[in-house]
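1. quick one: sequence plus predicted model below, questions after.
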Amino acid sequence: MEHSAYEAEPTEILLDDFDVLIDVRPHAATSPSIIGTTAVDLANLLAEPARWIPSRTSNILIICDIGLRSGIAAERLREAGYHSALSLAGGIDAWRTAGLSLVDTAGLTIDQLERYDRHLKLAQVGVPGQRALLNATVTVVGAGGLGSPVIMYLAAAGVGTIIIIDDDDVDASNLQRQPIHSTDDVDTAKAVSAAEFVSSLNPDVTVVEVSDRLSDENAVTLLKDATVIVDASDNFPTRYAINDAAVALGIPVVFASVYAMEGQVAVFDASTGPCYRCIFPEPPDGSIPLDCTTIGVLGSITGVLGSLQATEAIKLIVGSDGTLTGRLLLYDAAAASFTTLNIKKNPTCTTCS
């Protein structure tokens with residue numbers, strides 16, 4: 001295979017031939033790497049190469065994701081007098097494709113390294129975050145319009161256990177906004193249909209189906225095993241039951257609701273911010289219809305809001321900053337606008353205060 005004078009093909013090199021192996025990926029410290037490498041920020045390497053390279057005669061291999069950043073580094077180092085600097089052609093991606101070994105995978109299998117490759121390259125996730133996802137349990141209440149994208153993306157992300165709670169059956173009118181269900185699933189229990197979808201998408205995920213309606217009486221029992229609860233329900237009694245149980249259990253809730261062409265998303269964690277009852281102490285009086293059966297709903301909006309819920313759940317699990325705890329995100333599809341409101345704990349809340 002042809003390569004430049006600054007590149008070394010993965011299958012054509014022996015690591016023992018190099019005095020220094022330097023990984024310049026921003027996420028190198030938290031991702032699978034080649035044995036013996038040192039993670040160094042590219043700018044720091046080019047500014048002070050002598051900190052990491054013993055001499056100008058050292059044989060140096062520079063590594064990045066796809067060989068672009070490492071190629072730049074090798075060229076700059078050669079210009080600075082390090083004439084034996086080489087870039088790993090194709091980077092870690094080519095190394096993995098060639099079937100060569102990586103270390104510090106923290107228990108991830110080769111299949112998982114490939115499946116979650118784009119997560120592993122993110123500084124916000126990396127190996128520790130992916131391990132957290134694989135060890136997490138997310139309970140999703142509702143397998144309908146919001147639950148469909150939530151379940152889809154959590155399963156794809158590798159959440160280790162997904163508990164799906166829904167007492168409804170798939171109806172033909174659901175298919176416009178609930179893509180985890182198909183025409184063949186009509187009249188099947190939604191929890192069962194959703195579980196089959198998860199199992200076909202990702203074998204890493206253990207899925208538990210609960211074809212029961214969550215209520216005040218069973219909420220604590222059904223939710224107690226969750227790392228994060230996702231409220232993808234479509235009625236107020238269920239929302240209040242989820243909130244009250246989550247406060248008692250100390251588990252964060254990722255909430256969303258949809259109305260016609262609008263929606264809202266928030267994270268309710270009573271340990272650090274408000275709960276659902278802080279913002280909505282009582283349900284509406286019922287004089288205004290709020291259900292999509294009566295007013296309709298644009299199917300793709302549930303996809304937007306559900307995807308945001310999945311993102312917030314993942315951020316909570318991996319410990320990412322900037323969650324919607326203490327904030328309510330409003331989405332207006334007609335105006336193509338997002339608005340964020342700061343929300344605070346209600347000192348007189350009957351549930352969390």
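-> Perfect, thanks for sending it.
2. would you mark the buried spots in the longest helix seen in the chain?
-> Taking DSSP state H as the criterion, the chain has its longest helix at helix 299-318. Within helix 299-318, the residues scored as buried using 16 or more other Cβ atoms under 10 Å are 299, 301-318. Glycine gets a C-beta too; all of them are placed from N, C-alpha and C.
3. cool, and stretch 204-217?
-> By 16+ other Cβ under 10 Å, the buried positions in stretch 204-217 come out as 204, 205, 207, 209, 210, 211, 213, 214.
4. okay, it in PDB with CA atoms only?
-> Taking C-alpha atoms only, stretch 204-217 is exported to PDB below (Å, rounded to 0.1, in the frame of the first residue of the first chain):
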ATOM      1  CA  ASP A 204     -25.900  -5.900  24.600                       C
ATOM      2  CA  VAL A 205     -29.100  -4.700  26.000                       C
ATOM      3  CA  THR A 206     -31.300  -6.700  28.500                       C
ATOM      4  CA  VAL A 207     -34.900  -5.600  28.000                       C
ATOM      5  CA  VAL A 208     -37.600  -6.100  30.500                       C
ATOM      6  CA  GLU A 209     -41.200  -5.600  29.400                       C
ATOM      7  CA  VAL A 210     -43.900  -4.600  31.800                       C
ATOM      8  CA  SER A 211     -47.400  -4.600  30.300                       C
ATOM      9  CA  ASP A 212     -49.000  -2.900  33.200                       C
ATOM     10  CA  ARG A 213     -50.200   0.600  34.000                       C
ATOM     11  CA  LEU A 214     -48.000   2.500  36.400                       C
ATOM     12  CA  SER A 215     -50.000   4.000  39.300                       C
ATOM     13  CA  ASP A 216     -49.500   5.400  42.800                       C
ATOM     14  CA  GLU A 217     -49.800   1.900  44.100                       C
END
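5. what pLDDT, on average, does it get?
-> Averaging pLDDT along stretch 204-217 gives 96.
6. re earlier: give the next helix or strand downstream of the longest helix of the chain.
-> Next helix or strand after helix 299-318 toward the C-terminus (DSSP states H and E): strand 327-332.
7. quick one: strands adjacent to that next one?
-> For strand 327-332, the paired strands and their directions (DSSP bridges) are strand 262-268 (antiparallel), strand 337-342 (antiparallel).
8. including mean pLDDT, distance to residue 227 and mean neighbour count, could the ones you listed go into a markdown table?
-> As requested, the strands paired with strand 327-332 are arranged in a markdown table below (pLDDT from 0 to 100; distance: least, Cβ to Cβ, whole Å; neighbours: other Cβ atoms under 10 Å):
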| stretch | mean pLDDT | distance to residue 227 | mean neighbour count |
| --- | --- | --- | --- |
| strand 262-268 | 97 | 13 | 24 |
| strand 337-342 | 97 | 25 | 11 |
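9. any chance of these in a markdown table with distance to residue 8 as columns?
-> Supplementary listing: the strands paired with strand 327-332 in a markdown table, determined by distance: least, Cβ to Cβ, whole Å:
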| stretch | distance to residue 8 |
| --- | --- |
| strand 262-268 | 47 |
| strand 337-342 | 47 |
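10. please tell me how far residue 90 sits from residue 100.
-> Plainly put, residue 90 is 11 Å away from residue 100 if you go by Cβ to Cβ, to the nearest Å.
11. quick one: which of these two has more around it?
-> When residue 90 and residue 100 are compared for neighbours, residue 90 comes out ahead with 22 against 15, by other Cβ atoms under 10 Å.
12. list the contacts for the more buried one?
-> Applying Cβ atoms under 8 Å, 6 or more residues apart in numbering, one finds that residue 90 lies in contact with 9, 10, 66, 67, 97.
13. quick check: it vs residue 99, distance?
-> Using Cβ to Cβ, residue 90 is found at 13 Å from residue 99.
14. ditto for residue 130
-> Taking Cβ to Cβ, one finds residue 130 at 21 Å from residue 99.
15. over to residue 123?
-> Distance check for residue 123 against residue 99: by Cβ to Cβ, it reads 27 Å.
16. more neighbours: those two, which one.
-> Shown here are residue 123 and residue 99; by other Cβ under 10 Å, residue 123 has more neighbours (14 against 9).
17. sweet, I'm off.
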